[in-house]
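Chemist: Quick one, fold the following:
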Amino acid sequence: MVILNKSIDKIEEEISDVFKKINEIAFVNSQKVIEAFWKENISESHFMSSTGYGYGDIGRDALEKVYADIFHTEDALVRNQFISGTHALSIAFFALLRPNDILLSITGKPYDTLDSVIGFNDNSSSLKSFGIKYEQIDLLNDDFDYRKIEERINKDKVKLIEIQRSKGYSLRKSIPIDKIEKVVKLIKNIDKDIIIMVDNCYCEFVSDKEPTDVGVDICVGSLIKNLGGGIASNGAYIVGPKKLINLCAERLNVAGEGKEVGPSLGANKSFFQGLYMAPSVVANSLKTVVFASYILENLGYKVEPKWNDERADIVQTIYFNDKDKLIAFVKGIQNGSAIDSQASVEPSDMPGYLDKIIMASGSFTQGSSIELSCDGPLKEPFVAYLQGSLTYEYGKIGILKAIEALKNITYYK
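Modeler: From the prediction side, this is the model:
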């Protein structure tokens, strides 16, 4: 039996400065949210539902103004018709790209779930099947390869550059705002007309700035991650210039109608309330992964980020280098969850992924990543990707449960 050599109180005392910084960022983001609510005069009438075509849905329209205010953009598309973040990314790609256009990823290969969208597997509904070309430039030492990016966009016209901030199932670091700001300046100095689009999933409200604050044109994210606050039961958002958002709305809905249609179907209140809670929920998620990172690093595991590193997203990677340890830890997270705690999760095939995945998500909303969850592909080096927790207290309980499952650790208060 392995015993933690420090009490939980002592651990929390040692990481208190990091928690203080997280609280400061949460306050800044809470100010942004509440000021947007004030500016748009949000009232109970905005919680009303629409059906059918969704004409004149004042709550939906006000919500999109709030999102535009928070991201400092001209417009926003925030809809429950989006199935996932991947769906919103797909809509944006098909809306903004035309045959023979070039899509350039400058953070290497995107999430596996975009393989069929881009056309890596020759899917007949892919961008590739419509004659849209894809290129990528890999990161260099966890940063953009500025030289290659400059060379490529000086060569011939690139229509859209995609940046995936979070690491996905890769082993790289996630991308902080200052690096995005630097690469955006480089790109726009060469060609101001290139559309720069950021996949912002897992990253919202982690810092006091968003990509659109540093020159990014389009930002996309899921509402069952950060900005849904654990309350939104589905949906996603796209924010950016009015002209580009209209193209996205027409691709999601129908040409000529765009944002004018799309019933809220009772989602408005949960979308407003989830956004209202999001700064605090993201802060709780960050505290949970900082706590986990500190303990696991002190138990000898390689973690990224380390507990006191700057964070760009809510994701914590833990290198187990052992299949059984990965499975045990993920099972422990499931057993420490509120919903389906009795379930014994097993590795399985999942749509969009090449390897078997083991996933713990004992959540109120299926697949919600802002609630305590953990997953990882069954391949070397057997890395777990931990994220979420609506409250730090529940997150801490879940982490300790997972560590006990992993190493039969006892702890004391």
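
Chemist: any chance you could map the strands in this structure?
Modeler: Using DSSP state E, the strands of the chain run over 75-79, 102-105, 133-136, 160-164, 195-199, 218-222, 236-240, 302-304, 316-319, 357-360, 373-377, 383-387.

Chemist: Please dump those strands into CSV; it should also carry distance to residue 403 for every row.
Modeler: Where you see a C-beta, it was placed from the backbone N, CA and C, and this is true even at glycine. Listed next are the strands of the chain as CSV, based on distance: least, CB to CB, whole Å:
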stretch, distance to residue 403
strand 75-79, 38
strand 102-105, 36
strand 133-136, 37
strand 160-164, 30
strand 195-199, 31
strand 218-222, 28
strand 236-240, 33
strand 302-304, 13
strand 316-319, 11
strand 357-360, 14
strand 373-377, 12
strand 383-387, 11
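
Chemist: Please identify which of those is closest to residue 125.
Modeler: strand 133-136 (14.8 Å; CB to CB).

Chemist: Point out where the chain drops to low pLDDT.
Modeler: For the chain, the stretches flagged by pLDDT under 70 are 1-5, 352-353, 408-413.

Chemist: Look up how far residue 104 lies from residue 253.
Modeler: Distance of residue 253 to residue 104, computed by CB to CB, to the nearest Å: 28 Å.

Chemist: ah, wrong one, I meant residue 141
Modeler: Taking CB to CB as the measure, residue 141 falls 20 Å from residue 104.

Chemist: Look at these two and report which has more neighbours.
Modeler: Shown here are residue 141 and residue 104; by other CB atoms under 10 Å, residue 104 has more neighbours (20 against 8).

Chemist: which residues sit in contact with that one?
Modeler: 134, 135, 136, 137, 152, 153, 158, 160, 161, 162 (CB atoms under 8 Å, 6 or more residues apart in numbering).

Chemist: Can you report how many residues lie near the residue nearest to the third one when sequence neighbours are not counted?
Modeler: Spelled out, that is residue 136. In space, and not counting its chain neighbours, residue 136 is closest to residue 105: 4.2 Å by CB to CB, 6 or more residues apart in numbering. Using other CB under 10 Å, residue 105 has 21 other residues around it.

Chemist: Do I have it right that residue 105 meets residue 133?
Modeler: No. Counting by CB atoms under 8 Å, residue 105 sits too far from residue 133 to count as a contact (11.9 Å).

Chemist: Residue 323 contacts residue 378, correct?
Modeler: Yes. Using CB under 8 Å, residue 323 is in contact with residue 378, at 6.5 Å.

Chemist: What does the closest residue to residue 233 other than its chain neighbours show for phi and psi?
Modeler: Setting aside the residues directly before and after it, residue 233 is nearest to residue 365 in space (CB to CB, 6+ apart), at 5.1 Å. The phi and psi values for residue 365, taken as degrees, to the nearest 10, are phi -120, psi 130.

Chemist: next one: residue 98
Modeler: For residue 98, the backbone dihedrals are phi -130, psi 160 (criterion: degrees, to the nearest 10).

Chemist: show me the contacts for it.
Modeler: Residue 98 is in contact with 132, 159, counting by CB under 8 Å, 6+ apart.

Chemist: same question, residue 326
Modeler: Residue 326 makes contacts with 320, 358, 376, 378, 382, 383, 384, as judged by CB under 8 Å, 6+ apart.

Chemist: Give me the neighbour count for the first one.
Modeler: The burial metric for residue 320, expressed as a neighbour count using other CB under 10 Å, is 21.

Chemist: can I assume the residue nearest to residue 233 is in contact with residue 225?
Modeler: No. If you go by CB under 8 Å, residue 365 and residue 225 don't touch, sitting 10.6 Å apart.

Chemist: more neighbours, the two?
Modeler: residue 225 (31 against 19).

Chemist: what residues are up against that one?
Modeler: 85, 201, 202, 204, 314, 368, 369, 370.

Chemist: Now do the residue lying closest to it once chain neighbours are set aside against residue 84, distance only.
Modeler: The shortest distance from residue 225 to any non-neighbouring residue, by CB to CB, 6+ apart, is to residue 369 (4.8 Å). Applying CB to CB, the value for residue 369 to residue 84 is 11 Å.

Chemist: before we move on, what about residue 325?
Modeler: In terms of CB to CB, residue 325 sits 30 Å off from residue 84.

Chemist: got it, and residue 218?
Modeler: Taking CB to CB, one finds residue 218 at 17 Å from residue 84.

Chemist: next one: residue 195
Modeler: Here residue 195 is placed at a distance of 22 Å from residue 84 (CB to CB).

Chemist: Grab the longest helix from the protein for me.
Modeler: With secondary structure taken from DSSP state H, the chain has its longest helix at helix 268-298.

Chemist: between that one and strand 373-377, how many degrees?
Modeler: On the basis of axes from the mean of the first three to the mean of the last three CA atoms, to 10 degrees, helix 268-298 is oriented at 60 degrees to strand 373-377.

Chemist: counting contacts, what elements does helix 268-298 pack onto?
Modeler: Judged by 3 or more CB pairs under 8 Å, 6 or more residues apart in numbering; DSSP states H and E, the packing partners of helix 268-298 are helix 8-14, helix 16-39, helix 58-71, strand 302-304, strand 316-319, strand 383-387, helix 392-407.

Chemist: Dump these into a markdown table; add distance to residue 111 and mean neighbour count as well.
Modeler: Below are these laid out as a markdown table (distance: least, CB to CB, whole Å; neighbours: other CB atoms under 10 Å):
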| stretch | distance to residue 111 | mean neighbour count |
| --- | --- | --- |
| helix 8-14 | 33 | 14 |
| helix 16-39 | 25 | 15 |
| helix 58-71 | 22 | 21 |
| strand 302-304 | 18 | 19 |
| strand 316-319 | 15 | 23 |
| strand 383-387 | 12 | 25 |
| helix 392-407 | 24 | 21 |
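
Chemist: Turn the ones you listed into TSV, columns for distance to residue 278.
Modeler: Formatted as TSV, the helices and strands packed on helix 268-298 follow (distance: least, CB to CB, whole Å):
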stretch	distance to residue 278
helix 8-14	24
helix 16-39	7
helix 58-71	10
strand 302-304	24
strand 316-319	19
strand 383-387	14
helix 392-407	15
